[in-house]
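Student: this one's structure only:
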């Protein structure tokens, strides 16, 4: 489901800003854009996102500013002296006169240590801000969900009116087809056994019978309505129902021998496609 949210907080350690954007996607695809100092929060951030959404391609970007000291380099004088003394002893024993490589001395384990900046307070602020952004994001998606609910319910009503129109048309279509067969036999002057004619007419009526398709369409539409009334994630279930509706509409179209019924079948498929596109936005 599409959505956008922005949250910003600050305290004595600095300022943090989150921006969240999402577009349609069948599954949850969270893309985190984090500064290196916040990489350690990635698992927790993903868990928090999964608790409030289940579908969508979501991009979450973090920006920050801070006055935190970047850390200091410290030299262990005692350790440095030990290394220098050892090098001097080796040089005297070997009778060498080469100069001491200072870079190698500094690279010796324990000589130099670097204290990293304490980003813990700012990381805590980042989590707090992220929670606020997710709350805002959820409210935005909820409003979008209400709009989608109304849209899909309207399409269900239109589908039901088309099903009713086909059912109303069926007796007339059947009677017209049977009359056409009888009239054609009279035009050809064919002497047809009445019992055989009735059998053929029965087979023709069976091939044109779409009562079962109409019943399944009505049942699937009712299930779509019930699914839209649930509080849990229903996107995948609606995906499946759209496939079932489309299958029945295709069967109706292939069986139709009447222009009005064919028009209704085409209208159904247009509505189903409209719903199918929007269902991709539903969790």
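Tutor: Now that the structure is in, tell me what you want to look at. The shown structure was predicted, so the numbers you read here are calculated from the model rather than taken from an experiment.
Student: contacts and neighbour counts: CA atoms only from here.
Tutor: Will do.
Student: Output the below-cut-off pLDDT ranges for the stretch 101-250 of the chain.
Tutor: 113-118, 174-179, 181-182, 185, 188-208 (pLDDT under 70).
Student: Do you have the strands of it handy? List them.
Tutor: 112-116 (DSSP state E, counting those that start in this stretch).
Student: Now residue 127. Nearest residue, chain neighbours left out?
Tutor: residue 45 (7.6 Å; CA to CA, 6 or more residues apart in numbering).
Student: which SS state does that neighbour fall under?
Tutor: Three-state assignment for residue 45 (DSSP: H, G, I helix; E, B strand; the rest coil): helix.
Student: burial count for it?
Tutor: By the criterion of other CA atoms under 10 Å, residue 45 has 18 neighbours.
Student: Report pLDDT for it.
Tutor: On pLDDT, residue 45 comes in at 95.
Student: Would you check how far apart it and residue 33 are?
Tutor: Remark: distance between residue 45 and residue 33 (CA to CA, to the nearest Å) = 11 Å.
Student: Now find how far off-centre stretch 134-141 is within its chain.
Tutor: 15 Å (CA atoms, centre = their mean, to the nearest Å).
Student: repeat for stretch 230-245
Tutor: The answer for stretch 230-245 is 13 Å, by CA atoms, centre = their mean.
Student: ok, now stretch 22-37?
Tutor: 11 Å.
Student: Which positions within that stretch qualify as buried?
Tutor: 22, 23, 24, 25, 26, 28, 29, 30, 32, 33, 34 (16 or more other CA atoms under 10 Å).
Student: Pipe those residues into a markdown table and attach distance to residue 220, pLDDT and secondary structure per row.
Tutor: Output for those, formatted as a markdown table (distance: CA to CA, whole Å; pLDDT from 0 to 100; DSSP: H, G, I helix; E, B strand; the rest coil):
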| residue | distance to residue 220 | pLDDT | secondary structure |
| --- | --- | --- | --- |
| 22 | 30 | 88 | strand |
| 23 | 28 | 82 | strand |
| 24 | 24 | 74 | coil |
| 25 | 24 | 75 | coil |
| 26 | 21 | 72 | coil |
| 28 | 27 | 85 | strand |
| 29 | 30 | 90 | strand |
| 30 | 33 | 92 | strand |
| 32 | 39 | 94 | strand |
| 33 | 42 | 94 | strand |
| 34 | 45 | 93 | coil |
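Student: Out of these, give me the two with the largest separation.
Tutor: Farthest pair in the buried residues of stretch 22-37 (CA to CA) is 26 and 34. Separation: 24.4 Å.
Student: any chance you could map the helices in the protein?
Tutor: Counting by DSSP state H, the chain has helices at residues 42-50, 77-94, 102-107, 120-188, 194-208, 211-228, 235-255, 259-279.
Student: got the angle between the last one and helix 235-255?
Tutor: So that's helix 259-279. 160 degrees (axes from the mean of the first three to the mean of the last three CA atoms, to 10 degrees).
Student: what's the burial count for the residue nearest to residue 34 when sequence neighbours are not counted?
Tutor: Leaving aside its sequence neighbours, residue 34 sits nearest to residue 62 (CA to CA, 6+ apart; 5.5 Å). Neighbours of residue 62 under the rule other CA under 10 Å: 19.
Student: partner residues bridging residue 62?
Tutor: residue 18 (DSSP bridges).
Student: show me what contacts it?
Tutor: 16, 17, 18, 19, 33, 34, 35 (CA atoms under 8 Å, 6 or more residues apart in numbering).
Student: Please report how far residue 228 lies from residue 76.
Tutor: For residue 228 relative to residue 76 (CA to CA), the value is 68 Å.
Student: Much appreciated, bye for now.
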